[in-house]
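Peer 1: Got a predicted model here, sequence first, then my questions.
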Amino acid sequence: MLRSQSNRTTPFSTFFRRFAVLFAPLMVLFLIISLFVYHLESANYLEIIASKEKVVVRTGLQLIHDTIYPIKDDLGFLADLCSNNYLTTHNTQQSQAEFKGLEKTFLLFAANHPIYDQVRFLDPSGLERIRINFNKEKPVIVQINALQDKGDRYYFKDIIQLNKGEVFISPLDLTIEYRAIEYPLKPMIRLGEVVVDTEGKKLG
C-alpha cells in the first residue's frame with residue numbers, strides 16, 4: 001500500500017523538477033529584465049525631478065533678482081539724499097529746514113513704496129534721526145522724542161562696516177521695539193546701505 005502511494009507521487013516530483021529546470025532560467029531572465037527596466041524608469045524619473053528642480057531654482061533666482069535690484073536702487077536713492085553734511089548738525093535755521101524737507105521726502109517715498117514697513121536714517125552711533133512708519137498704509141513721521149537708539153542691533157553694526165554702494169540683507173527676524181519683541185509678531189527682513197559724504201566720511 002505504501003509502495004503504491006510512492007509510485008503515484010513520483011510523476012509529480014519528476015514534473016516539478018522538469019518545470020524548475022525549464023522555467024527557472026526564464027524567471028531569472030524575467031527578473032533581470034524587470035530590474036533593468038526599473039533602473040531605467042528610476043533614472044528617467046530622477047532626471048525629470050532634477051529638471052523640474054532646476055526650473056524652480058532658476059525661477060527663484062530670477063524672483064530674487066527682480067526683488068532685490070529695485071530695492072538696491074531705492075537704497076541708493078535714499079543714501080544719496082542723506083549724503084549731506086547738514087545731517088550731522090542742526091545748528092542753523094537753514095539746516096533745520098533742509099532736514100525737515102528730507103523727512104518729507106522720506107515720507108513721500110514710504111507712501112509710494114508700501115513694501116517697506118519702516119524707512120529710517122541712523123547716524124554713525126546708531127541713533128534714529130529720521131524714521132517713517134508705514135502705519136497701516138498711512139505713513140507718518142516719528143517724532144523726535146519717540147526715536148530710538150539702534151546702535152547695539154546687529155544690522156546696524158554690520159551696515160556701518162560696509163563700503164559705499166554695498167547692500168546689507170538680514171535674515172528673517174522679528175521686530176524689536178524699545179528692546180522688546182513687538183507683538184503681534186512681525187517677521188521682517190532688513191536692508192541697508194551706508195551713507196557717506198563727498199569726502200568718504202560715514203554719516204550713518
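Peer 2: Arrived safely.
Peer 1: quick one: contacts of stretch 133-141?
Peer 2: Residues from elsewhere that reach stretch 133-141 (C-beta atoms under 8 Å, 6 or more residues apart in numbering): 103-104, 106-107, 110-111, 114, 116-118, 130-132, 142. C-betas here are computed from N, CA, C, even on glycine.
Peer 1: Filter these down to the buried ones and hand me the ChimeraX line.
Peer 2: A single ChimeraX command is used to select the members of the contacts of stretch 133-141 judged buried by 16 or more other C-beta atoms under 10 Å:
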select :103,106,107,110,116,118,130,131,132,142
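Peer 1: Please list the members of the contacts of stretch 133-141 that lie in helices.
Peer 2: Judged by DSSP state H, the contacts of stretch 133-141 include Glu103, Lys104, Phe106, Leu107, Ala110, Ala111 as members of helices.
Peer 1: ok, for Leu203, nearest residue in space, not its chain neighbours?
Peer 2: Excluding its sequence neighbours, the residue lying closest to Leu203 (C-beta to C-beta, 6 or more residues apart in numbering) is Val195, at 4.6 Å.
Peer 1: Equivalent analysis for Glu193, please.
Peer 2: Leu75 (4.1 Å).
Peer 1: So the one you found is in contact with Val195, correct?
Peer 2: No: assessed by C-beta atoms under 8 Å, Leu75 is found out of contact with Val195, at 9.9 Å.
Peer 1: ok, these two, which is more surrounded?
Peer 2: Here Leu75 and Val195 are compared on neighbour count by other C-beta atoms under 10 Å; more neighbours surround Val195, at 25 against 19.
Peer 1: ok, how many other residues are close to Arg128?
Peer 2: To be clear, residue 128 is Glu; Arg isn't right here. Neighbour number of Glu128 under other C-beta under 10 Å is 18.
Peer 1: any idea which helix or strand carries Ala50?
Peer 2: helix 2-82 (DSSP states H and E).
Peer 1: need the helix or strand of the protein with the lowest average pLDDT.
Peer 2: Ranked by mean pLDDT, DSSP states H and E, the helix or strand of the chain with the weakest confidence is helix 2-82, at a mean of 71.
Peer 1: re the thing from before, show me which of the ones in helices among the contacts of stretch 133-141 is closest to Ser51.
Peer 2: Ala110 (42.5 Å; C-beta to C-beta).
Peer 1: Noted, bye for now.
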